[in-house]
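Student: Can you look at this prediction? I've put the sequence above it.
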Amino acid sequence: MKRLSCLILLAALAVSCGPSRHTIHVEMRHPSKSGIEFTGKNVAVVHLENDNPYSNGLTEGMADGLAYSLEQEYGTGEGSVGIYRMRVIPGGVYSSRDTLVNLLIDTGSDVVFVVDTLATGAITMGGATSVASATVRDSSFISTGNLPFTMKLYCFDAMNKDEKVYSFSGSSVAVPFAYSDGAQSAAVIRERAIASLPELGFEAGVTLSSSFKAQWKHEQYSVVYFETPQWLRALDYAEMYEWKMAMDIWLQLLDTNDMLKRSCAAYNLAVATYMLGDYDLASEWLDRSDADNELPLSDALRKRINARK
């Protein structure tokens, strides 16, 4: 009985001397729904114009709204996304790679969007209705209408290895509006409604940008540690997302002949460099960890690293 108790105690001590696992919860940034990554790239938006005032008003607004939303999303500052207007050339193919490469050169960008001219229906305006809160006589009535349209958007990323032209299309109905005093002619109402199209296009461009905004997902990652002051201090830094501070300690902990501890330190360094966005270095650290002692957590982390490359 005494011998059995001793064996149990020795087993418990052996377990306690091994590494422990700690789960860290993070919100991880992922590429947009489109699959295009915009971080660190110069972006330009080109909108095409022709003789259709409906198309021109909407595409101008779409380009402005798309550029504005991308600037807000990626924190690049107002005006950092260039906006260019270009007259359509008869027979031009603006969805072709060669055309888009030329636009990249002309705009000095890494990524270029082209808002193509729209296929539009006829604009129809309803009757004027009074505005209860109008402050000036010329805005005491409002007329709204319908304008069906079909749009096409092309995007080319020169830094993407597959050199793919991304194409997006869709149909919707714009609701142009015109304020008046209730006595203006149908022609005047129509011109004022056309003048509202850039504003409506802007809203459409902001909506369109949702396909190009980064996605955030809640994920869990594990780091390993031992019950010693250095390991626990590094764990505290990791818990606070102070990855560089944690790395400084894990680098020191590599200086050991204990292959398990060396493997754990290298594994944690792989996690840290992954969190910092250096996926190639994360792979190298994970290789070093596996060379000493492949941890059960290694395979899952490697799959995440490879998915980011």
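Tutor: Yep, it's here.
Student: ok, the spatially most central residue of the chain to V81 distance?
Tutor: Centroid check for the chain by CA atoms, centre = their mean gives A214 as the closest residue, at 2.1 Å. Using CB to CB, to the nearest Å, we find A214 at a distance of 15 Å from V81. C-betas here are computed from N, CA, C, even on glycine.
Student: Give me the nearest residue to A204, chain neighbours excluded.
Tutor: M62 (5.4 Å; CB to CB, 6 or more residues apart in numbering).
Student: The one you found should be in a helix, yeah?
Tutor: Yes. Looking at M62 with DSSP: H, G, I helix; E, B strand; the rest coil, it is inside a helix.
Student: what about it, neighbour count?
Tutor: 28 (other CB atoms under 10 Å).
Student: Who are the contact partners of it?
Tutor: Neighbouring residues of M62 by CB atoms under 8 Å, 6 or more residues apart in numbering: 47, 115, 151, 201-202, 204-205, 208.
Student: Could you rerun that using 10 Å?
Tutor: 45, 47, 113, 115, 118, 151, 153, 198, 200-209 (CB atoms under 10 Å, 6 or more residues apart in numbering).
Student: Also A300?
Tutor: 221-222.
Student: per-residue pLDDT, it?
Tutor: Note on A300: pLDDT of 96.
Student: buried set for the helix or strand hosting it?
Tutor: If you go by DSSP states H and E, A300 is part of helix 298-308. Across helix 298-308, burial judged by 16 or more other CB atoms under 10 Å covers 298, 301-302, 305.
Student: what does stretch 77-88 give?
Tutor: 81, 83-84.
Student: With stretch 264-276 instead?
Tutor: 264-275.
Student: Take those residues and lay them out in CSV including pLDDT and distance to S180.
Tutor: Formatted as CSV, those follow (pLDDT from 0 to 100; distance: CB to CB, whole Å):
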residue, pLDDT, distance to S180
C264, 98, 74
A265, 98, 74
A266, 98, 73
Y267, 98, 70
N268, 98, 68
L269, 98, 68
A270, 98, 66
V271, 98, 64
A272, 97, 63
T273, 97, 63
Y274, 96, 60
M275, 95, 58
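Student: Pipe those residues into TSV and attach distance to A183 and secondary structure per row.
Tutor: Output for those, formatted as TSV (distance: CB to CB, whole Å; DSSP: H, G, I helix; E, B strand; the rest coil):
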residue	distance to A183	secondary structure
C264	81	helix
A265	81	helix
A266	80	helix
Y267	77	helix
N268	76	helix
L269	75	helix
A270	73	helix
V271	71	helix
A272	70	helix
T273	70	helix
Y274	67	helix
M275	65	helix
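Student: Looking at those, which is nearest H218?
Tutor: M275 (14.5 Å; CB to CB).
Student: Phi first, then psi, for the closest residue in space to the closest one that isn't next to it in sequence.
Tutor: Excluding its sequence neighbours, the residue lying closest to M275 (CB to CB, 6+ apart) is W243, at 5.3 Å. Main-chain torsions, W243, degrees, to the nearest 10: phi -70, psi -40.
Student: for W243, what are its contacts?
Tutor: Contacts of W243 by CB under 10 Å, 6+ apart are 237, 250, 268-269, 271-276.
Student: and with 7 Å instead?
Tutor: 272, 275-276 (CB atoms under 7 Å, 6 or more residues apart in numbering).
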